[in-house]
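> the sequence and its predicted three-dimensional model are supplied below.
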Amino acid sequence: MVRVDGKGNGNALVQVRSLDKTYQRGSQEVHVLRGLNLDVEREEFVAFMGPSGSGKTTLLNLLGGLDLPSRGSITVDGDEITHLSGPKLAAWRARHVGFVFQMYNLLPVLTAFQNVELPLLLTRLGKAERRRHVEIALDLVGLSDRLDHYPRQLSGGQEQRVSIARAVVADPTFLLCDEPTGDLDRKSAGEVMALLERLSAEFGKTILMVTHDPRAAERAGTVLHLEKGELVEGQGTS
Amino acid sequence: MKFFRLVWSNLLRKKTRTTLTIGSFAVALFLFGLLVTIQTAFNQGVEVAGVDRLVVRNKISLIMPLPLSYQQQMLQIPGVKAVTFATWFGGYYQDPKNFFPQFAIQKETWLKMYPEFQVPKDQWSAFLADREACIVGQKTAQKYGIKVGDRIPIVASIWGGVWEFNVRGIYTGVRTEDDTTQLWFRWDYLDERRQWGKGTVGWYVVRVENPDDAMAVAKAIDGRFANSSWETKTDTERAFAAGFVKQMGNIKLLILVIGGVVFFTLLLVTGNTLAMSVRERTGELAVLKTLGFTDVAVLWLVLGESLLYSAQGGILGLAAVKLFTLHGDPTGGFLPLFYLPPSKMILGLLVALATGAAAGIIPAVLAMRLRIVDALRRV
């Protein structure tokens, strides 16, 4: 169940309360998010839609601890992240969040294997264990035969699947996907969405996804609309 | 160690740029190593000088002699334990470019004064028994293929004519830095054969009872011969050697100035390279931070690159100096101890790493301060 009225029972995995985000542009204050409330239960697959500038990516950045709100709170799995210091927030991201970007953002100098291994370098896993985890993750996205390929040797769809493997390899609490199909052709986009759907349905991953693509949003269990910094109830909300 | 591959991969990103940057370090460290080798060669006498030895020379100039009778007079001065003497011969072997120091020495006292030089007993006995004998240092013997039993000609530029000596022994040094380029022959043979300056010596070397009294003994020696026709100037062996080096100019200052300019230039070149590299991968650094790399971890990744550049360049440059100095003195005798000591190699590597760290710190701090959201927006 996803709620946007701020009246959740306190058991939701993600709880956002009265969230404001304001940017200063010269002498002008730009209110990107206004008093936003959100409750997302575990294993939910939520899509955020809305026009450009509606605050979708800003919301995702705040949920992922990449940016700090001007006001309000975000609690994930019982941890309020809005007051964490830089190093603690970095550690929190490493443990709880898997990111999937529109432009994949793989490191070009590393192979698929090494890119997926990156989040595990921050854990205490040994080399052999890291290898096992990476192989499982790449197998999950159907790229176990591309371990030693560099990003330039992969297609866009394959790159995005490597990026999803990187996002899930450390078994994070939830995935944040920012336009994961935005740079892909229809076929590759379909494959990527099928993969995210599988992660949600089969592995119970909580996924929060920003998208412009209605076909991608259809795959989510809940679709929320952001308009002028406010969440509007949509399919699957209360 | 698990982050090494990440740092290393970034170095391989632009191979030409990496090669040129490492090359800059290598050239700078080669220059540094060479200058330090030259300075070491100049200072070797100072480094190995005995703490309990004094050098007594004519007050007017080193090239002016002193009378032989001073030896007995000096032995009577309190604090003096032993006295030996030598005279500069100043010849060359076969060709003027084959230069090495030749000393006419007092055979009875010389080796006792210099325990750091070693000659096999039978060879030394043969030297004592032969008026025309000489002992050659190991390095010179190796360089010119001189063996025990050879008869070698030395052209005497001061005393005139060609002097022939029987090589009766080869001396070695206890330490690497001991000078084994000299040739010693008997002073009594010089004094007998030379046409002028008979009964004089070039300089005396005095061993004192207690090194703490060295200055007082030096003063007493100079006092003993004050107002005579052969006044003396006595220094510790170290001060004597240092004074000799000073005559060549301020080598240390020269090295500091050249080294300083080179390393400052290197600092700018490497700093610029790293700044460009960081600017090019702003997005990638933001991704690393997104994945959970802390600001400090990102700082170390960038600094690590700089240190890797400098370490590789440093090792290459210093290895090149080592190779260059393997064959010893390239000046034909002017710098007999031409080598790069291990301690200076470590110093060179530390200087390279310090330069790398200094060059990398600003780009590293910029990377550390990068705000994820701003940087991702630029991808």
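Received it, and whenever you're ready, just let me know what you need.
> quick check, central residue of the chain?
Picked chain A for this. residue A:176 (0.5 Å; Cα atoms, centre = their mean).
> sorry, should have said chain B
Taking Cα atoms, centre = their mean, chain B has its central residue at residue B:40, 1.9 Å away.
> any idea of the mean pLDDT for the host helix or strand of it?
Assessed by DSSP states H and E, residue B:40 sits inside helix B:15-48. Average pLDDT, helix B:15-48: 83.
> now do stretch B:217-227
Taken as a whole, stretch B:217-227 has a mean pLDDT of 94.
> just stretch A:122-139 next, same as before
The average pLDDT for stretch A:122-139 rounds to 94.
> stretch B:257-277 now?
pLDDT averaged over stretch B:257-277 gives 84.
> for it, buried residues please.
Going by neighbour count (16 or more other Cβ atoms under 10 Å in any protein chain shown), the buried part of stretch B:257-277 is B:259, B:262, B:263, B:266, B:267, B:269, B:270, B:271, B:273, B:274, B:275, B:277. (C-beta placed from N, C-alpha, C; glycine too.)
> and the gap between the fifth one and residue B:10?
Shown here: residue B:267 relative to residue B:10, a distance of 20 Å by Cβ to Cβ, to the nearest Å.
> ok, whichever residue of the stretch 101-250 of chain B sits closest to chain A - how many residues close by?
Proximity of the stretch 101-250 of chain B to chain A (Cβ to the nearest Cβ) peaks at residue B:176, 43.1 Å away. Neighbour count for residue B:176, taken as other Cβ atoms under 10 Å in any protein chain shown: 11.
> ranges for the strands of the stretch 51-200 of chain B?
Counting by DSSP state E, counting those that start in this stretch, the stretch 51-200 of chain B has these strands, from start to end: B:53-58, B:66-67, B:80-88, B:91-93, B:102-105, B:117-118, B:133-137, B:151-156, B:162-173, B:183-186, B:200-201.
> strand partners (parallel or antiparallel) of the longest one?
Just to be clear, that refers to strand B:162-173. With DSSP bridges as the test, strand B:162-173 is paired with strand B:117-118 (antiparallel), strand B:133-137 (parallel), strand B:151-156 (antiparallel).
> the last one now?
Partners of strand B:200-201 in the sheet, by DSSP bridges, are strand B:66-67 (antiparallel).
> need the residues that contact the partner strand.
B:56, B:57, B:58, B:85, B:199, B:200, B:201, B:202, B:203, B:204, B:230, B:232 (Cβ atoms under 8 Å, 6 or more residues apart in numbering or on different chains).
> what's the ChimeraX line that selects buried ones from those?
The ChimeraX selection below is limited to those of the contacts of strand B:66-67 classed as buried (16+ other Cβ under 10 Å):
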select /B:56,57,58,85,200,201,202,203,204,232
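> write out the residues of the stretch 201-350 of chain B neighbouring chain A.
With Cβ under 8 Å from any Cβ of the partner chain as the criterion, the stretch 201-350 of chain B comes near chain A at residues B:283, B:284, B:287, B:288, B:289, B:290, B:291, B:292, B:293, B:294, B:295, B:296.
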